[in-house]
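Novice: sharing a sequence plus its predicted fold:
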Amino acid sequence: MSLDIASGRERNELYSTIISNAVELIDSDAGGIGLFVEEKNAIAIPLVYNLPDKLIGKSFRLGQDIFSMAINTNQAQITNDYSTMENQVKELSDSGMRALSVVPLRARGKILGILWVAMLKPWRVFSDYDKMLLESVGGQAAVAIDNIRLFDEQRYISDTLQRGLLPGQLPGLKQTDIGMFYASATEAAVIGGDFYDAIRLTEDRISFLVGDVSGKGVEATAEAAMARYSLRAMSFQNPDPAAILTSVNPIIAGQLTSGHFITLAYGLYDSKSAQVTLSVAGHPYPLLYSSSKKKASPIIGKDPAFALVLDYKYSKTDLKLLPGDILVFYTDGITELRRNKEFFSTERLSDLIASYAKLKAQEIVDKIIDDAMVFSNGRRIDDIVLMIIKRTG
């Protein structure tokens, strides 16, 4: 049960797991969670189990009732005849609860709320042993709730940073169509450091990049920003991808947290000549869809990620896009999406590119992301970046 409660999940799913586990363990009939709202000195009910749905979203101020006493005394409370108690919560008075066991939820010295289970039949009662079991569940539940709150705060900070640091509108080029998707993780404790950029160098040329910092959280976001701006600055001095990666690698390595590294795909594209020069530093292999072969294949590279080998000389690959050809850059957040034990995979991504190849670049991106979210039931276990460059003429 402890692993079930502690695993990362969205809030309502976590609440549901906590309540159902508590009800099952103690062999009770119903239950619920109340969250302490400090600024209002009140308890808010986000979810209940086997109780009227009208209770969800209700809140009540702390008073002398059994729920408030659990918070005020920081001790578990039991009553086997709630209907006879003098101080009842008006919002819960007609809920059908007969016997109640309530425990406070506390983590890191702070009250988070309450967890309760209830008997609905008058002959069923709680024992001191039931109270002890509920206290055990409450301890685990409090840690899980605290963790997801911390994650939400961290995700807000990280998303705010990322929105400010990611590029705005992508540059437009003749005979070229570009599509883009970026989203941060939805799962707790896995906010990543994915980033991208597209930099106009001349009327016909852009440099572009997709990268992923190995760490997580706000720290990874800051390191991604540092890498992006370092690469952007160097792009205007010498846009050659191999030269840029070779010169920037030791600079970035000196700024990363110990043990961190960055994978990166960096390219230079000339829309006039349709020429692409590409360097890959330990990143998932970009895909090239050939309009003549009707197939997407990886552009394989063997160079290491940033910060692993400081004096490494990076290589480059030159290729020319034909009308209808598509270049695809992505982070592993999409290929490692899961459905049970099955991965979304590079192979599935390649097949989808071929299936949607006749669409516009952004339409291809949107279709792939839609399919990916259906595959993973809407869960993103890591950040996702997907960039498509399509030659249209």
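Specialist: Nice, thanks for sending it over.

Novice: per-residue confidence at residue 58?
Specialist: Looking at residue 58, its pLDDT is 91.

Novice: that one: how many residues sit nearby?
Specialist: As a burial measure, residue 58 scores 17 neighbours (other Cβ atoms under 10 Å). Every residue, glycine included, has its C-beta placed from N, CA and C.

Novice: apart from its chain neighbours, what residue comes closest to it?
Specialist: Excluding the flanking residues, the one nearest residue 58 by Cβ to Cβ, 6 or more residues apart in numbering is residue 91, at 4.5 Å.

Novice: which SS class is the one you found?
Specialist: The local conformation at residue 91, judged by DSSP: H, G, I helix; E, B strand; the rest coil, is helix.

Novice: can you give me the strands for the stretch 151-300 of the chain?
Specialist: For the stretch 151-300 of the chain, the strands defined by DSSP state E, counting those that start in this stretch cover 176-183, 193-200, 205-213, 262-270, 275-281, 287-290, 295-298.

Novice: is it possible to export those to a markdown table including distance to residue 334, mean pLDDT and mean neighbour count?
Specialist: Shown next, in a markdown table, are those (distance: least, Cβ to Cβ, whole Å; pLDDT from 0 to 100; neighbours: other Cβ atoms under 10 Å):
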| stretch | distance to residue 334 | mean pLDDT | mean neighbour count |
| --- | --- | --- | --- |
| strand 176-183 | 9 | 93 | 20 |
| strand 193-200 | 10 | 90 | 23 |
| strand 205-213 | 11 | 95 | 25 |
| strand 262-270 | 14 | 96 | 25 |
| strand 275-281 | 17 | 97 | 22 |
| strand 287-290 | 12 | 98 | 20 |
| strand 295-298 | 14 | 96 | 16 |
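
Novice: adding distance to residue 27, write these out as TSV.
Specialist: Putting the strands of the stretch 151-300 of the chain into TSV (distance: least, Cβ to Cβ, whole Å) gives the following:
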stretch	distance to residue 27
strand 176-183	42
strand 193-200	46
strand 205-213	47
strand 262-270	51
strand 275-281	57
strand 287-290	54
strand 295-298	55
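
Novice: ok, which of the ones you listed comes nearest residue 364?
Specialist: Of all the strands of the stretch 151-300 of the chain, the one in closest proximity to residue 364, counting by Cβ to Cβ, is strand 176-183 (5.9 Å).

Novice: relative to strand 262-270, how tilted is that closest one?
Specialist: 160 degrees (axes from the mean of the first three to the mean of the last three Cα atoms, to 10 degrees).

Novice: out of the strands of the stretch 151-300 of the chain, which is closest to residue 124?
Specialist: For residue 124, the closest of the strands of the stretch 151-300 of the chain is strand 176-183, at 47.3 Å, according to Cβ to Cβ.

Novice: the closest one vs strand 193-200, what angle?
Specialist: 160 degrees.

Novice: what helices and strands are in contact with strand 176-183?
Specialist: strand 193-200, helix 361-375, strand 384-391 (3 or more Cβ pairs under 8 Å, 6 or more residues apart in numbering; DSSP states H and E).

Novice: about what we covered before: of the strands of the stretch 151-300 of the chain, which is nearest residue 318?
Specialist: Comparing the strands of the stretch 151-300 of the chain against residue 318 with Cβ to Cβ, the closest turns out to be strand 275-281 (5.4 Å).

Novice: neighbouring contacts of that closest one?
Specialist: For strand 275-281, the surrounding residues in contact (Cβ atoms under 8 Å, 6 or more residues apart in numbering) are 240-242, 244-245, 249, 262-270, 286, 299, 301, 303-306, 314-321, 327.

Novice: mark which of these are buried, thanks.
Specialist: Using 16 or more other Cβ atoms under 10 Å as the burial test, the contacts of strand 275-281 include 240-242, 244-245, 249, 262-270, 286, 299, 301, 303, 305-306, 314, 316-317, 321, 327 as buried.

Novice: surely residue 42 meets residue 58?
Specialist: No. Taking contacts as Cβ atoms under 8 Å, residue 42 lies outside contact range of residue 58: 10.2 Å.

Novice: what residues of stretch 26-42 count as buried?
Specialist: Buried residues in stretch 26-42, defined by neighbour count with 16+ other Cβ under 10 Å: 26, 28, 29, 30, 31, 32, 33, 34, 35, 36, 42.

Novice: surely the first one and residue 134 touch.
Specialist: Spelled out, it's residue 26. Yes. Judged on Cβ under 8 Å, residue 26 makes contact with residue 134 at a distance of 6.0 Å.

Novice: overlap in contacts, those two.
Specialist: Residues touching both residue 26 and residue 134 (Cβ under 8 Å, 6+ apart) are 101, 117.

Novice: for the protein, which spans come out with low pLDDT?
Specialist: Within the chain, the stretches with pLDDT under 70 are 1-9, 154-166, 168, 186-192.

Novice: report the separation between the residue sitting furthest away from the middle of it and residue 351.
Specialist: Computed with Cα atoms, centre = their mean, the residue of the chain farthest from its C-alpha average is residue 84, at 47.0 Å. Per Cβ to Cβ, to the nearest Å, residue 84 is found 66 Å from residue 351.
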